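Novice: From the sequence below, what's the structure:
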Amino acid sequence: MSQNAMAFLLLLAAWVILFMVAWPIAVVLAVALPFLWLLSIPFRIVGIALEAVLALIRAILFLPARILGFR
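Specialist: Next up, the predicted model:
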């Protein structure tokens, strides 16, 4: 079983337990999570772009060493 599937099953089990203990909070959480996920998309895009820029800078800085044969 993949790690994503296991994480989903654990999240689902936690939600079911929360639903049994305090169902109004569980319903609000089930409604709010898709909107929070949508709000997080721009931050993920910025993170991916920043990671790419830092990888490019690292590649440029290490280029002379790679040309000279150092690993």
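
Novice: what's the burial count for Trp15?
Specialist: When counting by other CB atoms under 10 Å, one arrives at 14 neighbours for Trp15. No exception for glycine: its C-beta is placed from N, CA and C like everyone else's.

Novice: now the closest residue to it other than its chain neighbours: how far from Phe19?
Specialist: Counting by CB to CB, 6 or more residues apart in numbering, Trp15 lies nearest to Ala26, which is 6.1 Å off, once chain neighbours are set aside. Distance of Ala26 to Phe19, computed by CB to CB, to the nearest Å: 4 Å.

Novice: just Ile45 next, same as before
Specialist: 33 Å.

Novice: Report the contact partners of the residue nearest to Trp15.
Specialist: Applying CB atoms under 8 Å, 6 or more residues apart in numbering, one finds that Ala26 lies in contact with Trp15, Leu18, Phe19.

Novice: so it is in which element?
Specialist: For Ala26, the host element (DSSP states H and E) is helix 23-68.

Novice: okay, now Phe19: neighbour count?
Specialist: Neighbours of Phe19 (other CB under 10 Å): 15.

Novice: and it, backbone torsions?
Specialist: The phi/psi pair for Phe19 (degrees, to the nearest 10) reads phi -60, psi -40.

Novice: Please report how far it lies from Val31.
Specialist: Taking CB to CB, one finds Phe19 at 13 Å from Val31.

Novice: Distance of Ala7 relative to Leu61?
Specialist: 36 Å.
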